[in-house]
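Trainee: Could you look at this predicted model? Sequence included:
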Amino acid sequence: MPESDPRQELADAFGRELDPLAQFEETFIETEIDPFELYEENRLASKDLSDSTVEEYRRSFRQWREFMDQQGRHPACPNESHITGFIKYHRDERGNSVGTIKNRLMYLNQAYQYWQDDAAFPHPQDYNPIDLAKATADLTHEGPKEPPRLSVDELRGKVEEITHIRDRAIVLMQLKLGLRATEVCNIKLSEIHLSNRDVQDHYDSMGEAKALKERNRKHAVYIPHERDGNKSRKPRMLPLDDELRRALLRYLLIRPDNGEPWLFLSQTTREQMTKQGVNEIWKSAFQPEYAETEDYRGITSHFGRHRFTTYWRVEQDLNRELIKYMRGDTAGSANLKDRGAIRL
């Protein structure tokens, strides 16, 4: 016999609901009125807020709508478990700091409290799932240190200081494609396509990978999933923008031609590069200026993947499935199209 829930028993005894907003979901759907738009018009518009702050409210509301859509629930009818899940989603999937999560909850709570105050809404004064979830969630531990935050201008300046042609191509490739260090090491000449007669004539195998030829992909790199060190569950095809193509062409024109199949070769052994070798390139370019401090971890090769994710996930608010595909996190069904790139 299943164990009874004492909270449910108590709610039944007093004629209460543990999920009191569920009963209003169908009506919200039928009206097709956006409760967040009403909050913006009736409360947010009267506040003396900067454009950037208003956009933070809207970003929080967009992320909440997307999350609740995945839960199959109207965003104005949450219960405590939805809020707890939203916190976990921001912490574990988006990798947000505690401060960012608190801000998202603060913006969301202000809209919820407006619904409680406005007589047009059914939200009871004695039930606030956001406050209930915050009371039990751990929002004090920050976890691992974050990398330092560089503006685009600061990042561009550091990249421009990299005078070694191969090293600059590697750093740009990780920043623009979010590749792991091992994935950079594992790229073969046959898995990259560049429309340049000189390099195509010089490297017979360039662009000859089956995945590139079958799909007739131009200006792209193919990242297989089954190769040692490539942690993706599925292969992926990523576009090369003008800036990255120029950097790769400069490197390929001086790359040692010794029959090795790998795109990037070690300066000392003239063989396939190692993860440690890629990491040293980043350290040499960004440290000691961006070495580890009390507040931030030092910049290493992982920074490229972090910055790539931050750009698409936070700054561009791109669809999560596309980001997962580009990062190679999970098997996704979304088709990747060239949506631009980080301009450095």
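Mentor: Now that the structure is in, tell me what you want to look at.

Trainee: How is the chain partitioned into domains?
Mentor: 17-136, 152-327 (automatic domain parsing).

Trainee: Tell me which of those lies nearest to Leu10.
Mentor: Between Leu10 and the domains of the chain, the shortest separation by CB to CB is 9.2 Å, and it involves domain 17-136. Using the backbone N, CA and C atoms, a C-beta is placed for each residue, glycine as well.

Trainee: Could you tell me how far the closest one lies from the centre of the chain?
Mentor: 22 Å (CA atoms, centre = their mean, to the nearest Å).

Trainee: end to end, how far does it reach?
Mentor: 20 Å (CA to CA, to the nearest Å).

Trainee: Ok, stretch 296-316 next?
Mentor: 24 Å.

Trainee: mind putting the domains of the chain in JSON lines, distance to Gln8 included?
Mentor: Formatted as JSON lines, the domains of the chain follow (distance: least, CB to CB, whole Å):
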{"stretch": "domain 17-136", "distance to Gln8": "6"}
{"stretch": "domain 152-327", "distance to Gln8": "34"}
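
Trainee: closest to Arg7 out of these?
Mentor: That would be domain 17-136 among the domains of the chain, by CB to CB, at 6.3 Å.

Trainee: Check whether Ala285 really touches Ile170, as I assumed.
Mentor: No - under the criterion of CB atoms under 8 Å, Ala285 is not in contact with Ile170, lying 9.7 Å apart.

Trainee: These two: who's more crowded?
Mentor: Neighbour totals were compared for Ala285 and Ile170, and Ile170 leads with 29 against 20 (other CB atoms under 10 Å).

Trainee: now what about the strand or helix carrying the more buried one, what contacts it?
Mentor: Element membership for Ile170, per DSSP states H and E: helix 165-177. With CB atoms under 8 Å, 6 or more residues apart in numbering as the test, helix 165-177 has contacts from 155, 159, 162, 179, 181, 184, 221, 238, 241, 243-244, 247-248, 250-251, 254-255, 264-265, 267, 278, 281-282, 284-285, 301, 304-305, 307-308, 326, 341-342, 344.

Trainee: Then stretch 289-298?
Mentor: Pro144, Lys145, Glu146, Pro147, Pro148, Leu150, Lys283, Phe286, Gln287, Ile299.

Trainee: again, only this time at 7 Å
Mentor: Around stretch 289-298, the neighbours that count as contacts under CB atoms under 7 Å, 6 or more residues apart in numbering are Lys145, Glu146, Pro147, Pro148, Gln287, Ile299.

Trainee: Pull the contacting residues for Asn79.
Mentor: Asp19, Leu21, Pro129.

Trainee: if we can go back for a sec, any of the contacts of helix 165-177 buried? List them.
Mentor: Listed as buried from the contacts of helix 165-177 are 155, 159, 162, 179, 181, 184, 221, 238, 241, 244, 247-248, 251, 255, 264-265, 278, 281-282, 285, 301, 304-305, 307-308, 326, 341-342, 344; burial here means 16 or more other CB atoms under 10 Å.

Trainee: What is the burial count for Asp92?
Mentor: 9.

Trainee: so Met237, which of the three states?
Mentor: Counting by DSSP: H, G, I helix; E, B strand; the rest coil, the backbone at Met237 sits in strand.

Trainee: what residue ranges in the stretch 101-250 of the chain score low on pLDDT?
Mentor: 141-144 (pLDDT under 70).

Trainee: Where do the strands of it begin and end?
Mentor: Under the criterion DSSP state E, counting those that start in this stretch, strands of the stretch 101-250 of the chain are mapped to 192-193, 220-223, 236-239.

Trainee: Need the ones you listed in CSV (columns: distance to Ala211).
Mentor: Supplementary listing: those in CSV, determined by distance: least, CB to CB, whole Å:
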stretch, distance to Ala211
strand 192-193, 10
strand 220-223, 5
strand 236-239, 7
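
Trainee: Figure out which of the ones you listed is closest to Asp69.
Mentor: Short answer: strand 236-239, nearest of those by CB to CB, at 25.2 Å.

Trainee: what's that closest one packed up against?
Mentor: Applying 3 or more CB pairs under 7 Å, 6 or more residues apart in numbering; DSSP states H and E, one finds that strand 236-239 contacts strand 220-223, helix 320-327.

Trainee: Which residues are in contact with the closest residue to Lys213 other than its chain neighbours?
Mentor: With sequence-adjacent residues excluded and distances taken as CB to CB, 6 or more residues apart in numbering, Lys213 is closest to Gly207, at 7.3 Å. For Gly207, the contacting residues are Ser190, Ile192, His193, by CB under 7 Å, 6+ apart.
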